[in-house]
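Asker: Give me a model of this one.
(chains A, B, C, D, E and F)
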6 protein chains.
Amino acid sequence: MATTPQYKYKYWTVQFPREHVAHVEINRPDKLNAFIQQMWLEMRQLFDQLSVDPRVRAIVLTGAGDRAFTAGLDVKAASTEIFGDKGGADTARKAIILRRYVLAFQDCLTAIERCEKTVICAMHGFAYGFAIDISSATDIRICTQDVQFAVKEVDIGMAADIGVLSRLPKIVGSYGWVKEVAISARIFGADEALRVGFVNAIHSSKAAAVQAALDLAGLIAQKSPVAVLGTKELLNYSRDHSINDGLRYTAVWNSGAIQTDDVPAALTSSMEKRVPTFEKL
Amino acid sequence: MATTPQYKYKYWTVQFPREHVAHVEINRPDKLNAFIQQMWLEMRQLFDQLSVDPRVRAIVLTGAGDRAFTAGLDVKAASTEIFGDKGGADTARKAIILRRYVLAFQDCLTAIERCEKTVICAMHGFAYGFAIDISSATDIRICTQDVQFAVKEVDIGMAADIGVLSRLPKIVGSYGWVKEVAISARIFGADEALRVGFVNAIHSSKAAAVQAALDLAGLIAQKSPVAVLGTKELLNYSRDHSINDGLRYTAVWNSGAIQTDDVPAALTSSMEKRVPTFEKL
Amino acid sequence: MATTPQYKYKYWTVQFPREHVAHVEINRPDKLNAFIQQMWLEMRQLFDQLSVDPRVRAIVLTGAGDRAFTAGLDVKAASTEIFGDKGGADTARKAIILRRYVLAFQDCLTAIERCEKTVICAMHGFAYGFAIDISSATDIRICTQDVQFAVKEVDIGMAADIGVLSRLPKIVGSYGWVKEVAISARIFGADEALRVGFVNAIHSSKAAAVQAALDLAGLIAQKSPVAVLGTKELLNYSRDHSINDGLRYTAVWNSGAIQTDDVPAALTSSMEKRVPTFEKL
Amino acid sequence: MATTPQYKYKYWTVQFPREHVAHVEINRPDKLNAFIQQMWLEMRQLFDQLSVDPRVRAIVLTGAGDRAFTAGLDVKAASTEIFGDKGGADTARKAIILRRYVLAFQDCLTAIERCEKTVICAMHGFAYGFAIDISSATDIRICTQDVQFAVKEVDIGMAADIGVLSRLPKIVGSYGWVKEVAISARIFGADEALRVGFVNAIHSSKAAAVQAALDLAGLIAQKSPVAVLGTKELLNYSRDHSINDGLRYTAVWNSGAIQTDDVPAALTSSMEKRVPTFEKL
Amino acid sequence: MATTPQYKYKYWTVQFPREHVAHVEINRPDKLNAFIQQMWLEMRQLFDQLSVDPRVRAIVLTGAGDRAFTAGLDVKAASTEIFGDKGGADTARKAIILRRYVLAFQDCLTAIERCEKTVICAMHGFAYGFAIDISSATDIRICTQDVQFAVKEVDIGMAADIGVLSRLPKIVGSYGWVKEVAISARIFGADEALRVGFVNAIHSSKAAAVQAALDLAGLIAQKSPVAVLGTKELLNYSRDHSINDGLRYTAVWNSGAIQTDDVPAALTSSMEKRVPTFEKL
Amino acid sequence: MATTPQYKYKYWTVQFPREHVAHVEINRPDKLNAFIQQMWLEMRQLFDQLSVDPRVRAIVLTGAGDRAFTAGLDVKAASTEIFGDKGGADTARKAIILRRYVLAFQDCLTAIERCEKTVICAMHGFAYGFAIDISSATDIRICTQDVQFAVKEVDIGMAADIGVLSRLPKIVGSYGWVKEVAISARIFGADEALRVGFVNAIHSSKAAAVQAALDLAGLIAQKSPVAVLGTKELLNYSRDHSINDGLRYTAVWNSGAIQTDDVPAALTSSMEKRVPTFEKL
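Answerer: Next up, the predicted model:
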């Protein structure tokens, strides 16, 4: 369970508690893990690195400390970062420079979605604003009983812009519910999140949630990495395309992927009733 | 709670029970609020007007009387309106003229969706056929315990054509359930509607549902109108586009929108723990 | 309730237990209805035939025997069929030939989706792997209390490729849940399937589920075939298109369809409170 | 060749020089037909009216006077119309109100595209800025030898916003050429316009161009209105969709349209070598 | 140059004049190669067969006889085939059955587009109506100097429905020109076809055109079949998708395809300045 | 005309020959500017930098030396880079790692397209393979009379994968021509490139082409940067979207952009007949 030396980030810790499983933690607990710019810049670098690290097959994402997954953007810092010296007095120039900022911020978040390895997010305590953006970019979400969620951006005078309004509806399916929580900015809890499909499971404490996430990650890490990676990619693709396009993309993907040695390895193991081992990826 | 004089419609009443909140009611209670052509023509005019009325920030939509939100199309009137003197004997000419009719009808309904202000629909009693089309074009739906819903069109020999088959699946997420209720035309109640995500909440009576809708509208009306309007627009856009397209559109939208004075106003109020006031829109 | 002679398939039985209702059964019970190539080739032929058979207005699909709807692909046979003499040693040639195979297999399954008549799937026992692909291509799914579902493909070293990763998310709405079951390959039961919207109802036994499916099919068979067929097609279209595109397609569809005699027939019957009869289609 | 009384517009004249052919002229020649708001508001009303006028089967669009099809927006008036009292000091509110203005303006132009009847545009003299927007929304463009075209908006400090950047590339096919003329705002003439496919033909004078346009309109007016209208709609649809979607939409469209009496009428006339006559539409 | 025995069609001849090159000819010269139903049913079967025939790497498509590539549909036969006993008196039932017919017809044509091997079409004489549909589904078109093209359908009272209105605009790029020829149904010749990009080259006679097509096919047949097949597929995909989607699909395609032995084979041959040979596909 | 110190790249030179104009040159002339990995990695960095450099309003891209714009990939180096130690023996693992490589390569090229400033490409001599990919990602292409173009990838056994098959057809409009040159890999010259719309102009020598490109860049650099940048972005967007989507995006873009001071500045300058100056961006 040693920390590997290569992952050196100021606001993120990375551990390897099980074989092929990385445990990533947002690490600014004294500020409720609120995000400043360096944190989301590091986030892109970190997930781009995990994506191609052959030791890693599944990732658990949590927030350090007892109180919060993350309270969202550090509003005070963000004011400066966003509204700092940007484009002078001209509205259009300001707009163009703000657009660069938003696109860069979005891309740092999309790093989680394009990460080839499965990402499981375990949330506890405060999970406001950017917390929903982040977790919506992961693959599977679980939470503690006491978590407090909110799509909070309306309460600071803006429509959420880093991805939650695009991704959240595709996760839960229901636009009616998303509109209500996004427009009212109201807090909702674990039970409601489970009912609408935002989270897959609820656990009694942060420790229990992390444990469950690691167990699931461990299970996934025993599967064929070719099969798991392909399943994530094909599901991400299908979300944004028609059925016909999904089928066409799948056929091309699998024309290469099913030539893998993992298929005979899995079949043989299955017949011999033992856990297969797969080559690194 | 005075009725404003500018909203003069034969089949629709408009009141302003709270600041920035319009309460719109379908008003043909002696016919269970069944729709004739004039009603849906007025509907477009009304929502186009509300959309740009700076007094209005949120809208509650209900049906007059005790018995029905709306029983749907007035089938007798519709027969004449639809099948009246249209295009003579030639099938293709009839088809082209029917298409014009359907497109015009659809556009009157789409007026609710493109209305810039949030629309909350509170339904009671009979809510058949066109009732589902209408409410599917609003942003948030609630209902009474005794409401009766049905996608009724199959029972008059036709596939629904004003929008429900396009919009309903995006609201509830589940195509399996939509297919069953749309093909069987069976009645379903409040509990089922809540379970599948068609409504966000159930209330004991029409009075209670209207009250709850006005409360939610009142809450929304206190938020930044720039933020609320943007959230509706971005969610509508995301529904019909890929994640990448959604992010790109969001970045452009917010490049102008986050230059608003509402952001500092909201932040200051938040720090000073008071309700902010926002300029009209 | 005679078996019609024209439907002669080795691995499929077809019966007509009610007027306008076909009962189709996967028929390889001694192998848990596991699929070999001939079975899915026959499946396309069968559903293409049912699609245009004027006697048929609704179809019930089940698996023969007590133990399984279907246990999925017959892995042993599939190995030969897929990995048999395909393209020699060159990776790219193998890929191109595997792509042909996958596209052909997908098309056989899509035959269920493009079948003009409503298909209701009643599942019991084992419903693994290809069982989820098949049922996801039907319109309405019900199951027994004891059914066991699993998106099993990851456990044989591959991402599912015949359609489940494209279709399942559109059925249940929630990508979070789909990712978990597809990546972990874990078994889930009837209650979970109902909660997420994969099935519309649960029944106590196979007999009860088949009975319920036939009842629903019988109900649908009494409706206007023009209206039912149009509803299926418009919902399939809307799934893959924006709201605007859905409305446009609907307007063209109905410009022809609402000229049907079924509309006046349905209206008259409704006023006279009797069950209408409709011309064959 | 009488002017029909129903078309009363301040800035547009409508004549019927031939059977089933309307000749529409932009009519503010003393200002080079430059557009003020009332003109484009009338434009929508006019084309919506022509679209469903059964006397009309083809439309020719020209600009009054000798000097210009249209010199584009009346920049002086537009400044007031666009930048007039719009939304006070707040950037976001101004943006939202400008967006309403642009959407309304765009919709007035789209009226030409959605007009069911074929529109042929004959351009002469100055054809700057909005002239390209307008003509890009028509179906067929011809011009005089001396015409001067320019996508002029960059020279007034803005990207063109009423449609030319969306429509022009689909007309000429070549993004390279469009980028050059749109970014440089340079003038180009008839020969270049013909070479890139922006216009279909060049004529020696305005009189000759109008004559040719009327001849083509007259030819079209002799064809089956069902066939002509369908061809316009299917080509507009195909422009914005994949081949598969185009085929699917076409199949539904023609399932109604080829039931027309025009098919046997056309076939019979063809065998009898006489010009068919078709019922009005 | 022997005719291979396996290609036995009543209305199509297949020859192998060069290694890896099939020469396919529409063979009903006494009727100007006009199409009856059996011909297009055979067309699907034929191109599906060529698609996977390892002897075939490029295909030349021509029309038998001196007078016509094809004069289009055999209108007399088509009347019976299309308007024959279809759906009785009810408009909607007729429409549904006509839709089946059109979809089946379209699919037979799409067989050319989905054929994995490059198809070069050489046209001479009359090339009306369905001739444009067919050639638009091929990859490369050349013609004789005396060819006469026309999108003829409007002259028989209908909008073209087998694909030309979807495919032709994507070939030539210019919607303006397509609208004119499709709405006016006028004849156009070789020079115009070359200018707008419909054909790639003009030859003096049928013999010369066939020779040139065979030469080009022969050249293509010497290239890596993996590379040629991939290029066709990726271009077909890109036509219907955004740049981003095109890049994504390409990356997956090539992740398998560039593992081919053809790359080193081509590189080595290139260095050694000799024509490479490639394994069959 | 000093080289600015900040642009330090091994294989790229950057000069500023005119105000607001950057001249970028591929700089490996002794190898015909053939690309190795470091070159395309630098290319992304360079264009990302130019995109936000306020000194830069237009960019000219050329190849150093007399002989070639670029001869394409350095095939020898590429073999190692692509086929070097990637993923061991397993086909699927190799495919996944190759996909990473292709996606990264594509992204480096897309940097030119997403560069906010207009890029004009002037090509001379050999312009093979990757030369077409690069130039297709720029906005405007010109060339010398003696240039030699080829989509060369088929001749090394692969379908082009860095973007040319996606972008080239959208530039020239004609899929027929693109298929021929991409499948045959034949060389084509300046005149053909001009005729199909691949280049906008031909010049007699490299010096003349560079001069013309700089002149055009200089002209663009005098325009409003807000207007020019918006025009590029809106044209790129429109290429990948329907007309309706294009209009919607345009309306949002311009709701912020037309608030710019450049509009009054441009109008005033125009009336006063002087060249306006615009604030940096």
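
Asker: residues of stretch A:42-56 that come out buried?
Answerer: A:42-44, A:46-47, A:49-51, A:53, A:56 (16 or more other C-beta atoms under 10 Å in any protein chain shown). No exception for glycine: its C-beta is placed from N, CA and C like everyone else's.

Asker: quick one: pLDDT of A:G87?
Answerer: Looking at A:G87, its pLDDT is 55.

Asker: I meant A:M1, not that one.
Answerer: 40.

Asker: any idea how far A:A209 is from A:I120?
Answerer: 10 Å (C-beta to C-beta, to the nearest Å).

Asker: my bad, should have said A:A265
Answerer: 33 Å.

Asker: which of the two has more neighbours?
Answerer: More crowded of A:A265 and A:A209, by other C-beta atoms under 10 Å in any protein chain shown: A:A209, with 26 against 17.

Asker: which SS class is the more buried one?
Answerer: Following DSSP: H, G, I helix; E, B strand; the rest coil, A:A209 is assigned to helix.

Asker: before we move on, what about A:A127?
Answerer: Reduced to three states by three-state DSSP, A:A127 is strand.

Asker: Give the full set of residues in contact with it.
Answerer: A:68-70, A:135, A:143, A:147-150 (C-beta atoms under 8 Å, 6 or more residues apart in numbering or on different chains).

Asker: what does A:V196 give?
Answerer: A:V196 neighbours (C-beta under 8 Å, 6+ apart): A:172, A:174, A:177, B:197.

Asker: residue in the stretch 151-281 of chain A nearest to chain D?
Answerer: A:N244 (6.5 Å; C-beta to the nearest C-beta).

Asker: no wait, chain A
Answerer: For chain A, C-beta to the nearest C-beta, closest residue to chain D: A:T91, 5.3 Å.

Asker: where's that residue relative to D:R100, distance?
Answerer: From A:T91 over to D:R100 (counting by C-beta to C-beta), the distance is 17 Å.

Asker: Of these two, which one has the most company?
Answerer: A:T91 (22 against 16).

Asker: Wait, that one touches F:V263, no?
Answerer: No - judged on C-beta atoms under 8 Å, A:T91 makes no contact with F:V263 at a distance of 10.8 Å.

Asker: In chain A, spot the helix with the most residues.
Answerer: Longest helix in chain A, counting residues (DSSP state H): helix A:91-114.

Asker: Could you pull out the strands in the stretch 151-281 of chain A for me?
Answerer: Assigned by DSSP state E, counting those that start in this stretch, the stretch 151-281 of chain A shows strands spanning A:201-203.

Asker: ok, back up a step: quick one: mark the members of the buried residues of stretch A:42-56 that sit in strands.
Answerer: The members of these all map outside strands under DSSP state E.

Asker: and these as CSV, adding pLDDT?
Answerer: Formatted as CSV, those follow (pLDDT from 0 to 100):
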residue, pLDDT
A:E42, 98
A:M43, 98
A:R44, 98
A:L46, 98
A:F47, 98
A:Q49, 97
A:L50, 98
A:S51, 98
A:D53, 96
A:V56, 97
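
Asker: What is the nearest of the residues you listed to B:H124?
Answerer: Nearest to B:H124 among the buried residues of stretch A:42-56 is A:M43, at 47.7 Å by C-beta to C-beta.

Asker: need the contact list for the closest one.
Answerer: So A:M43 contacts A:12, A:108-109, A:111-112 (C-beta under 8 Å, 6+ apart).

Asker: and which of those is nearest to chain C?
Answerer: Distances from chain C to the contacts of A:M43, taken by C-beta to the nearest C-beta, are shortest for A:I112, at 13.2 Å.

Asker: Next, count neighbours for that closest one.
Answerer: Neighbours of A:I112 using other C-beta under 10 Å come to 26.

Asker: Now do the residue of the stretch 51-200 of chain A found nearest chain C: how many residues are near it, please.
Answerer: Per C-beta to the nearest C-beta, A:G173 is where the stretch 51-200 of chain A lies closest to chain C, at 2.1 Å. Residues near A:G173, counting by other C-beta under 10 Å, number 31.

Asker: and the gap between A:G218 and A:Q15?
Answerer: Counting by C-beta to C-beta - A:G218 and A:Q15 are separated by 14 Å.

Asker: should've said A:Q259
Answerer: 35 Å.

Asker: Return the distance of the lowest-mean-pLDDT helix or strand in chain A from the chain's centre.
Answerer: Ranking every helix and strand in chain A by mean pLDDT, DSSP states H and E puts helix A:75-83 at the bottom, with a mean of 78. Centre-to-centre, helix A:75-83 and its host chain are 23 Å apart (C-alpha atoms, centre = their mean, to the nearest Å).

Asker: Which strands and helices lie in contact with that helix?
Answerer: helix A:91-114, helix B:262-271 (3 or more C-beta pairs under 8 Å, 6 or more residues apart in numbering or on different chains; DSSP states H and E).

Asker: does any part of stretch A:157-177 sit near chain E?
Answerer: No - Stretch A:157-177 is not in contact with chain E by C-beta under 8 Å from any C-beta of the partner chain; minimum separation 15.0 Å.

Asker: That stretch near chain B anywhere?
Answerer: Yes - counting by C-beta under 8 Å from any C-beta, chain B has neighbours in stretch A:157-177: A:157-161, A:163, A:165-167, A:169-170, A:172-177.

Asker: what does stretch A:249-262 give?
Answerer: No - figure legend: stretch A:249-262 not in contact with chain B (C-beta under 8 Å from any C-beta); closest approach 13.1 Å.

Asker: Need the residues that contact that stretch.
Answerer: Contacts of stretch A:249-262 (C-beta under 8 Å, 6+ apart): A:224-227, A:230, A:233-234, A:237, A:241, A:276, A:278-279, C:82, C:91, C:94-96, C:98-99, C:102-103, C:106, C:157-159, C:161, C:163, C:165-166, E:249, E:252-253, E:255-256, E:259, F:90-93, F:95.
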